[in-house]
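Participant: Sequence first, predicted model second:
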Amino acid sequence: MLTLVLLASASVAACGAKPAADAGQPVDTAAVAPATNSALKLGADNLPRFREGLWEMVQTEDGQSETSKRCVGAEIDGEMRELLTRETPTCKTQRSASSTGLKVNAVCEQAGGMKTETSLVMTGSETAYDVKLGLYLIQADGAREGGETTLKAKWVGACPAGMKPGDEVEE
């Protein structure tokens, strides 16, 4: 279910950092329309929580869409927490979270004077959410390569018989 979010989280985790001082402040979510009028459900760690069960996701990159379904259990909360709270001295991470959304921006120093930049904006609720993810490589001369991916996900019900948390099927 959260393949894209976990990819973004892993990118940010490579940088790792504690939440920024603005954590808990409203997130500027103008770039991503909310998936629903409900609020994003945050845990005590200020990370989003999602309903367990079967999720349908549509990931779009470069005009191409891919749909998949993933059975999600409690493990996703642990995976996200681990990936989003790791610390690394080579990165500067800013993070803010509120019921209106989650916003993370990380810039990490790489070999040869290059940097990676990861930005993630998530809005929605525990049953539907939208994510906008930017992944970029910044060359030593300032040239920037990369792009954005969007993900729209919705909870569709209980996982079918024979499908366990972590199982994913592409359609």
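Facilitator: Here it is on my side, so go on.
Participant: any low-confidence regions in the protein?
Facilitator: Within the chain, the ranges that satisfy pLDDT under 70 run 1-38, 77, 80, 83-87.
Participant: ranges for the helices of it?
Facilitator: Ranges of helices in the chain, per DSSP state H, are 3-13, 75-85.
Participant: quick check: longest strand of the protein.
Facilitator: Counting residues, the longest strand found in the chain (DSSP state E) is strand 144-157.
Participant: what's the burial count for T118?
Facilitator: 25 (other CB atoms under 10 Å). The C-beta positions use only the backbone N, C-alpha and C, and glycine is treated the same way.
Participant: isn't it right up against N105?
Facilitator: Yes. Counting by CB atoms under 8 Å, T118 does reach N105; the two are 7.3 Å apart.
Participant: any residues in contact with both of these two?
Facilitator: Counting by CB atoms under 8 Å, 6 or more residues apart in numbering, no residue touches both T118 and N105.
Participant: residue boundaries of the strands in the chain?
Facilitator: Using DSSP E, strands in the chain cover 53-61, 64-72, 91-98, 101-109, 115-124, 128-138, 144-157, 168-170.
Participant: wait, which of the ones you listed is closest to N46?
Facilitator: With CB to CB as the measure, strand 91-98 is the member of the strands of the chain nearest N46 (4.4 Å).
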